[in-house]
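Undergrad: kindly return the folded structure for what I paste below:
(chains A and B)
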Amino acid sequence: MERSNVDLWVGVFVAVGIGALLFLALKAGNVDSIIKSEGYKVSAEFDNIGGLKPKAPVKSAGVIVGRVESVTFSNQSLRAVVRLNLDKQFQFPADSSVSILTSGLLGDQFVGIDPGGALENLEDGDRVRITQSAIVLEKVIGQFLYGKMSEKNAD
Amino acid sequence: MTFFRQILSSLGRATINSIWRLGEASVFMARVVSRSSIVLRRPGLLVAEIHFAGVLSLVIIIVSGLFVGLVLGLQGYETLKRYGSTGAVGTLVALSLVRELGPVVAALLFASRAGSAITAEIGIMKTTEQLSAMEMMAVDPHARVVAPMFWGGFISMPLLAAIFSAMGILGGYLITVVVIGVDSGAFWSQMQSSVDFHHDILNGVIKSVVFGAAVSAIAVYEGYASVPTAEGVSRAVTRTVVTSALAVLALDFVLTAFMFTGAH
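TA: Okay, the predicted model is just below:
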């Protein structure tokens, strides 16, 4: 084949290949993980986080407003410390409460924010006071059975 | 007693031979890579090899990618239908392709389409004493013939894998959204919310780069080390395809174990 023809086809090939990569990155993947959006960090302590993992979404009213940055254990309070990275464009009152929820019955766990009524907003480095732990299915079933048993004993 | 002796010595011979081949291949690849500056000095050679390894593999990659996507979409839809979550079919197709099937199947196709051709070309050049003739003219065949072929394959493979994955996702879209009627918004948005750029796409690209290097290296080495007869070249081509397939699958397991287990 002629040299210029070879060059042309290789050019087309490389362009299509890079185009395919861009397609995968932009159309199939989430772009927001490439562009690091400006955010502020808030921490919260939980008695039990269930199966919450870093990068899990943080939602308020069902809208994703941030991501879980890290999950650690505090030796002082003996509780789980979850650090949340919230998007700057979303502001929440300082007395908002956070809870760990499950999408569907057996789905992945995420963090939900219920806005409070305070006048000031949460700032970078703040700690959320009101938290609600994950519902652990085994515990719920255990309590249910225990309740049934005590009901029977009462009869 | 002599029987055991024979078994043990044949085992020893096989071990020494395979280590010797591995060493020879390493020395050969080190020589090829160290003389690769010709690729920059004469980019025309590299372009010709990218044309040979990449452009001419495009048809098989596009068609297979499309069909793999169609099948994934159909099978995924049939299974997910039972759980009432057919919108997740986009996630299933995209994650399977980007993480595993794209790099692996593209590498297997690449080994049988381009790798075998590279081995045959070098093997026949050796059989017809073209490589010796080059050496006589003080032209280093490692640099003039082997290096452009190796880098041509190395560059083509990740691009082919990306095209394969993209075509597969399009195939999955075609069968589930256009033909079956899954909601298009759910298809793309569920895919986008679960395919991570670093964790999934970048790791897939790293896989395809590693596979490209492995298949190209095996192809050029087998060609260069082939016995210079018609039979020797045909054996070398067979070995290229078999060894490449095994290497790709084994490397895939190791890479997956490193990338997709642990923290997440």
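Undergrad: the closest residue to B:L255 other than its chain neighbours - how many residues pack around it?
TA: The shortest distance from B:L255 to any non-neighbouring residue, by Cβ to Cβ, 6 or more residues apart in numbering or on different chains, is to B:K207 (5.4 Å). Backbone N, C-alpha and C define where each C-beta goes, glycine included. For B:K207, the neighbour count with other Cβ atoms under 10 Å in any protein chain shown is 26.
Undergrad: got the contact list for the residue nearest the centre of chain B?
TA: The centroid of chain B falls nearest to B:A107 when counting by Cα atoms, centre = their mean (2.4 Å). B:A107 sits next to B:M157, B:A161, B:S208, B:F211, B:G212, B:A214, B:V215, B:S244, B:V248 when contact means Cβ atoms under 8 Å, 6 or more residues apart in numbering or on different chains.
Undergrad: now with 6 Å?
TA: Contact analysis of B:A107 by Cβ atoms under 6 Å, 6 or more residues apart in numbering or on different chains lists B:F211, B:V215, B:V248.
Undergrad: secondary structure element for it?
TA: helix B:102-110 (DSSP states H and E).
Undergrad: closest to chain A out of the contacts of B:A107?
TA: B:F211 (14.9 Å; Cβ to the nearest Cβ).
Undergrad: surely that closest one meets B:V248?
TA: Yes: at 5.2 Å, B:F211 and B:V248 qualify as touching, with contact defined as Cβ atoms under 6 Å.
Undergrad: quick one on the thing from earlier: pLDDT averaged over the helix holding B:A107, what's the number?
TA: Averaging pLDDT along helix B:102-110 yields 95.
Undergrad: chain center to it: distance?
TA: Centroid separation for helix B:102-110 versus its chain: 5 Å, with Cα atoms, centre = their mean, to the nearest Å.
Undergrad: list the buried ones in it?
TA: B:G102, B:P103, B:V104, B:V105, B:A106, B:A107, B:L108, B:L109, B:F110 (16 or more other Cβ atoms under 10 Å in any protein chain shown).
Undergrad: kindly reformat those residues as CSV containing distance to A:L26.
TA: CSV is the format used below for the buried residues of helix B:102-110 (distance: Cβ to Cβ, whole Å):
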residue, distance to A:L26
B:G102, 16
B:P103, 19
B:V104, 24
B:V105, 23
B:A106, 20
B:A107, 24
B:L108, 27
B:L109, 25
B:F110, 25
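Undergrad: and those residues, which is closest to A:I113?
TA: Using Cβ to Cβ, B:G102 is the member of those that lies nearest A:I113, at 37.1 Å.
Undergrad: quick one, helices of chain B?
TA: With helices called from DSSP state H, chain B shows them at B:2-34, B:37-41, B:43-53, B:58-81, B:89-95, B:102-110, B:116-127, B:130-136, B:141, B:147-173, B:184-194, B:203-224, B:230-259.
Undergrad: those: which one's closest to A:L21?
TA: helix B:147-173 (4.5 Å).
Undergrad: and the angle from the closest one to helix B:116-127?
TA: Angle of helix B:147-173 versus helix B:116-127, following axes from the mean of the first three to the mean of the last three Cα atoms, to 10 degrees, is 160 degrees.
Undergrad: do helix B:147-173 and chain A meet at all?
TA: Yes: using Cβ under 6 Å from any Cβ of the partner chain, helix B:147-173 reaches chain A at B:L159, B:A162, B:I163, B:S165, B:A166, B:I169.
Undergrad: just checking, the residue nearest to B:L255 touches B:P103?
TA: Yes: in terms of Cβ under 6 Å, B:K207 counts as a neighbour of B:P103; the distance is 4.0 Å.
Undergrad: those residues of chain A touching chain B, which are they?
TA: A:6, A:9-10, A:13, A:17, A:20-21, A:23-25, A:28-30, A:33-34.
Undergrad: which of the residues you listed count as buried?
TA: The neighbour-count criterion (16+ other Cβ under 10 Å) marks A:6, A:9-10, A:13, A:17, A:20-21, A:23-25, A:28-30, A:33 among these as buried.
Undergrad: I'd like to know which of those residues is nearest to chain B.
TA: Taking those together and measuring to chain B by Cβ to the nearest Cβ, the closest member is A:G17, at 2.7 Å.
Undergrad: so that closest one touches B:L159, yeah?
TA: Yes: if you go by Cβ under 6 Å, A:G17 and B:L159 touch, sitting 2.7 Å apart.
Undergrad: A strand includes A:G112, no?
TA: Yes: assessed with DSSP: H, G, I helix; E, B strand; the rest coil, A:G112 lies in a strand.
Undergrad: contacts only, for it.
TA: Contacts of A:G112 (Cβ under 6 Å, 6+ apart): A:K59, A:S99, A:L101.
Undergrad: between the two ends of stretch A:74-84, how far is it?
TA: Chord length of stretch A:74-84, first to last residue, is 16 Å (Cα to Cα, to the nearest Å).
Undergrad: tell me which residues of it are tucked away?
TA: A:R79, A:A80, A:V81, A:V82, A:L84.
Undergrad: what about A:A15, neighbour count?
TA: 11.
Undergrad: CA atoms only: put whichever strand or helix holds it into PDB for me.
TA: Following DSSP H and E, one finds A:A15 within helix A:3-23. What follows is helix A:3-23, C-alpha atoms only, in PDB (Å, rounded to 0.1, in the frame of the first residue of the first chain):
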ATOM      1  CA  ARG A   3       2.900   5.300   2.200                       C
ATOM      2  CA  SER A   4       0.400   8.200   2.500                       C
ATOM      3  CA  ASN A   5      -2.400   5.600   2.600                       C
ATOM      4  CA  VAL A   6      -0.700   3.800   5.400                       C
ATOM      5  CA  ASP A   7      -0.300   7.000   7.300                       C
ATOM      6  CA  LEU A   8      -3.900   7.900   6.900                       C
ATOM      7  CA  TRP A   9      -5.200   4.600   8.100                       C
ATOM      8  CA  VAL A  10      -2.900   4.600  11.100                       C
ATOM      9  CA  GLY A  11      -4.100   8.100  11.900                       C
ATOM     10  CA  VAL A  12      -7.700   6.900  11.700                       C
ATOM     11  CA  PHE A  13      -6.900   3.900  13.900                       C
ATOM     12  CA  VAL A  14      -5.200   5.900  16.600                       C
ATOM     13  CA  ALA A  15      -8.000   8.500  16.500                       C
ATOM     14  CA  VAL A  16     -10.700   5.800  16.800                       C
ATOM     15  CA  GLY A  17      -8.800   4.200  19.700                       C
ATOM     16  CA  ILE A  18      -8.500   7.400  21.600                       C
ATOM     17  CA  GLY A  19     -12.100   8.200  20.800                       C
ATOM     18  CA  ALA A  20     -13.100   4.800  22.300                       C
ATOM     19  CA  LEU A  21     -11.100   5.500  25.400                       C
ATOM     20  CA  LEU A  22     -12.800   8.900  25.700                       C
ATOM     21  CA  PHE A  23     -16.200   7.300  25.200                       C
END
